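K.L.:
Sequence first, predicted coordinates after that:
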Amino acid sequence: MSGALQITFQNMRSFTATPAEPLPTIIGQAYGGGFYAGQISTTGNSVADYYLVTGPISTAESNKQWKTSNSAGDPTSVIDGPTNSTTMNSGTYPAAQFCKAVTAGGFNDWYMPAINELQVLYFNLKPTTTSNNTSYGLNPNAVPARTTYYTAGNPAQTTAADFITSTGAQAFTNVAYWSSTEASTYQGFSEKFNNGQVYGYASKTTTSKVRAVRRVAVATPTVIGQVFGGGYYAGVISTAGNSVADYYLITGPVASAQGTYQCKSSNTATSGATSLINGPANSAAMNDGSSTAAQFCEGLTVGVFSDWYMPAINELEICYYNLKPTTQSNNTSYGINANAVPARASNYTAGNPAQTSAAAFVTSTGAEAYTAVNYWSSTESTASATLGKKIFFPYGGQYNNNKTASYLTRAVRRVVVPPTLIGQAFGGGYYSGQISTAGNGIPDYYLVTGPISSAQSVLQYKTTNTTTPGTTSVIDGPANSATMNDGSSPAAQFCEALTVGGFTDWYLPALNELEVIYYYLRPTTNNNNTGYGINPNAVPARTSNYTAGTPPQTSAADFKQTTGAEALQDADYWCSTEYSATRGGTVYFYTGVQRSFTKTTSSRLRAVRRVAV
């Protein structure tokens, strides 16, 4: 390869970022683009489903009217601030509109807190030492739920130094702050930060303080049946059937996610709906109006999530196994499930699985219990295209039935199990580290490197040495790659056209993404080039260059040179970041040097994808 030029990319930002903590532990700590303010339980059962983040005072606080007129019909939820705010996101509602427009720490999902969220902020970030109003304090959405009023001294002034009045740069002012919860036709609820009073008598047209917040989902469920991800945790699945969990399975609430429907309006085949485990694909294939069951699931929005689907048979079996509603003996002809974790290679015994330990799912006493009847799966029978597969929930029998029959259907959704080991199989490829697109040390994506057999090639960056506008970002590989997705840019077009592991969102990585891959999947033991290594989009951000021995050769066996089947070669790999009108950028995987070559040069490339943290 000729024409190599060692470079420093000119549009890399230079700043210091604080390394992110995976989970917040201290009230007031910098987290999620703002400051950790406590946990909330949206279902009011003391099980946290979100961390609450209050925005920085400089960008997320203002003085605004609740509404430009004193009129009725506004949101009344005391906990669903996101929905309240979305409903109010117009010029008629200046406070909510301000919050929805906030971008802080790289995040744009800020909103105006509902009154019970605002009470959590007061409880944990009370700015003063003044006595609390002892007629307030009940909050079923706090964690744990608060069933008694404040005392004069509880809550005490916050221990978070930045939030103490007069000395703290982030402190709430000792005045009323608007919530997004309507109190009456003419008033909105606010929280008085001098004493904790929930005040419902301020006219909507009054100008008061408002502070935007955002939520971060609690990432890891631990107890079967716990509230999680808009529904209830039902277990884990291994889509690869290798006993390695890649998704948490969430069953929807019975009130909104269960109904009686036909599998199909005719006993005919549905192309693409035979998978035992890929419920999302089955369900999407059936979502054409002919399947009222799939259409019901696909049309749901529950707990702000809209990715519900009709479970495949092995997913439905996991719901049975972990959420079995009765004490009845199991049908011992069933139970093998390659997609369970661990995989089950033998059938049930009469007593295993036992009735679920999740009280809410126990027949007759549990409000969320599966009914002791048949439930449809989204898996078409291989015996006949006229039949669909179902599970009989009293004892776990799996049967085929004419698709036109009407049975219960319960929607589910998946939540990605976070990867823990560099190089582990994940998301259609291999886990390669985290990135912070905002460059603030807070991870927002897991980076996934595609398999060498399908996601690597040797191609030109471009067929001509000419500029491609919109491809200079050092971190936004998806945008760079999409802009280049035509016949004039073979490398990007190759990545964009991939379908690997069921995923179609592969792309040519930007420079800082490719550098993260070098850092964690470095194939060799030779010395690094110590003129490179700074990367504000790494997690944690790297503000100094490599040493000769850091990073070392990767610990992932599959990515070590000569022995690893997935190893990146000690050669130049294209990134999607344009260096100049005539040159594209590369990372040299022998030493980590960041270079450029004329765009018409043929070089290696490896497609990647992102999975949101």
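P.N.:
Yep, it's here.

K.L.:
Just to be sure, residue 341 is in a strand?
P.N.:
No: Residue 341: not assigned to a strand; according to DSSP: H, G, I helix; E, B strand; the rest coil it is coil.

K.L.:
which residues does it contact?
P.N.:
Residue 341 sits next to 235-238, 243-245 when contact means CB atoms under 8 Å, 6 or more residues apart in numbering. C-betas here are computed from N, CA, C, even on glycine.

K.L.:
switch to 6 Å and redo it
P.N.:
236, 238, 243, 245 (CB atoms under 6 Å, 6 or more residues apart in numbering).

K.L.:
Three-state assignment for the third one, please.
P.N.:
The three-state label for residue 243, taken from three-state DSSP, comes out as coil.

K.L.:
Show the pLDDT at the closest residue to it other than its chain neighbours.
P.N.:
Once flanking residues are discounted, residue 243 sits nearest to residue 342: 4.5 Å by CB to CB, 6 or more residues apart in numbering. Residue 342 is assigned 93 on the pLDDT scale.

K.L.:
Quick check: residue 288 vs residue 312, distance?
P.N.:
Plainly put, residue 288 is 18 Å away from residue 312 if you go by CB to CB, to the nearest Å.

K.L.:
of these two, who's got more company?
P.N.:
residue 312 (27 against 12; other CB atoms under 10 Å).

K.L.:
Can you check the pLDDT for the more buried one?
P.N.:
Looking at residue 312, the pLDDT reads 98.

K.L.:
dump the residue contacts of it.
P.N.:
Going by CB under 6 Å, 6+ apart, the list of residues near residue 312 reads 275-279, 282, 377-379.

K.L.:
Most neighbours out of these, which is it?
P.N.:
Neighbour counts for the contacts of residue 312 (other CB under 10 Å) peak at residue 378, which has 34 neighbours.

K.L.:
ok, residues contacting the host helix or strand of it?
P.N.:
If you go by DSSP states H and E, residue 378 is part of strand 374-380. The contact list for strand 374-380, computed with CB under 6 Å, 6+ apart, reads 263, 270, 273-274, 276, 279, 282-283, 293, 310-313, 316, 388-392, 407-409.

K.L.:
quick one on the thing from earlier: which members of the contacts of residue 341 are the farthest-apart pair?
P.N.:
Greatest spatial distance among these (CB to CB): 236 and 243, at 10.0 Å.

K.L.:
so how many other residues sit close to the residue nearest to residue 243?
P.N.:
When neighbours are counted by other CB under 10 Å, residue 342 registers 12.

K.L.:
where's it relative to residue 242, distance?
P.N.:
10 Å.

K.L.:
Where do the domain boundaries of the protein fall?
P.N.:
30-217, 227-416, 425-612 (automatic domain parsing).

K.L.:
Next, format these as TSV and append distance to residue 24.
P.N.:
Formatted as TSV, the domains of the chain follow (distance: least, CB to CB, whole Å):
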stretch	distance to residue 24
domain 30-217	4
domain 227-416	18
domain 425-612	11
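
K.L.:
Send me the strand holding residue 378 as PDB with only the CA atoms.
P.N.:
Once non-C-alpha atoms are left out, strand 374-380 reads as follows in PDB (Å, rounded to 0.1, in the frame of the first residue of the first chain):
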ATOM      1  CA  ASN A 374     -54.200 -21.700  26.200                       C
ATOM      2  CA  TYR A 375     -51.900 -18.900  25.100                       C
ATOM      3  CA  TRP A 376     -50.800 -18.400  21.500                       C
ATOM      4  CA  SER A 377     -47.200 -18.200  20.500                       C
ATOM      5  CA  SER A 378     -46.100 -16.500  17.200                       C
ATOM      6  CA  THR A 379     -44.500 -19.800  15.900                       C
ATOM      7  CA  GLU A 380     -46.200 -21.500  13.000                       C
END
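
K.L.:
Now do that strand, average pLDDT.
P.N.:
98.

K.L.:
quick one, the next helix or strand along the chain from that strand and strand 374-380 angle?
P.N.:
The first helix or strand that comes after strand 374-380 along the chain, using DSSP H and E, is strand 387-392. Angle of strand 387-392 versus strand 374-380, following axes from the mean of the first three to the mean of the last three CA atoms, to 10 degrees, is 140 degrees.

K.L.:
begin at 55 from here
P.N.:
OK, 55 is where the count begins now, so the last one is strand 441-446.

K.L.:
now strand 441-446: how far from the chain's centre is it?
P.N.:
31 Å (CA atoms, centre = their mean, to the nearest Å).

K.L.:
contacting residues for residue 126?
P.N.:
So residue 126 contacts residue 239 (CB under 6 Å, 6+ apart).

K.L.:
element containing it, please.
P.N.:
Judged by DSSP H and E, residue 126 forms part of no helix or strand.

K.L.:
measure it to residue 97 for me?
P.N.:
Remark: distance between residue 126 and residue 97 (CB to CB) = 28 Å.

K.L.:
Tell me where the model's unsure across the protein.
P.N.:
55-77, 273 (pLDDT under 70).

K.L.:
Pull the number of nearby residues for residue 475.
P.N.:
The number of residues packed near residue 475 is 11, by other CB under 10 Å.

K.L.:
now swap in residue 460 and tell me
P.N.:
The number of residues near residue 460, taken as other CB under 10 Å, comes to 14.

K.L.:
Go ahead and confirm it touches residue 319.
P.N.:
No: using CB atoms under 6 Å, residue 460 makes no contact with residue 319, being 10.7 Å away.

K.L.:
would you list every one of the helices in the protein?
P.N.:
111-114, 135-141, 148-154, 169-179, 308-311, 333-340, 346-352, 367-377, 506-509, 531-537, 544-550, 565-575 (DSSP state H).

K.L.:
chain center to the fifth one: distance?
P.N.:
A distance of 22 Å separates the C-alpha centroid of helix 308-311 from that of its chain, computed with CA atoms, centre = their mean.
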